[in-house]
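Q: Next come a sequence and a model predicted from it.
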Amino acid sequence: MSQQSFVKFLLAARDDPAKRAAYELRNLSQLVFHAKNEGFEFTPEEMAEIVSQLEMGVITDKDAEPVDGNSSLWREMWGHTHLGYLLDRVVARHTDDELRALADTNGAALR
């Protein structure tokens, strides 16, 4: 199981509307279980680590804001599913190269 696998999952969900729709309303346990059945093996803790790194990248690097309760990214969560927020508001703010570098930093290279 790996953080790299979760990055691959995010890329797959971002690029495949059917996959996104299949996972959009699943809770955390369901997402991890069904993703594993599709070959994406990661734990909730590995997910949290990647999400944290991606969110911090948006707040500190892209928006140049302090990480506090006033960070503009937090307001973008409201009215979205968690997966929708991740894909549309967080993953979308990173280039494929940045996402791959994150996976490389946290495991083997994405291929």
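A: All right, it came through fine.

Q: Glu41 contacts Ser5, doesn't it?
A: Yes: Glu41 is in contact with Ser5 according to C-beta atoms under 8 Å; the separation is 5.2 Å. To be clear about C-beta, it is placed using only N, CA and C from the backbone, and glycine gets the same treatment.

Q: quick one: which of those two has more around it?
A: Ser5 (23 against 17; other C-beta atoms under 10 Å).

Q: Tell me the confidence at that one?
A: pLDDT recorded at Ser5 is 94.

Q: what's the helix or strand of the chain with the lowest mean pLDDT packed up against?
A: For the chain, counting by mean pLDDT, DSSP states H and E, helix 96-105 ranks last in confidence among helices and strands (a mean of 84). Contacts defined by 3 or more C-beta pairs under 8 Å, 6 or more residues apart in numbering; DSSP states H and E place helix 96-105 against helix 3-15, helix 44-56.

Q: Distance from the chain centre to that helix, please.
A: 12 Å (C-alpha atoms, centre = their mean, to the nearest Å).

Q: Likewise for stretch 17-30?
A: 13 Å.

Q: can you check stretch 82-100 too?
A: With C-alpha atoms, centre = their mean, you get 6 Å for stretch 82-100.

Q: For this structure, give me the ranges with low pLDDT.
A: 1, 106-111 (pLDDT under 70).
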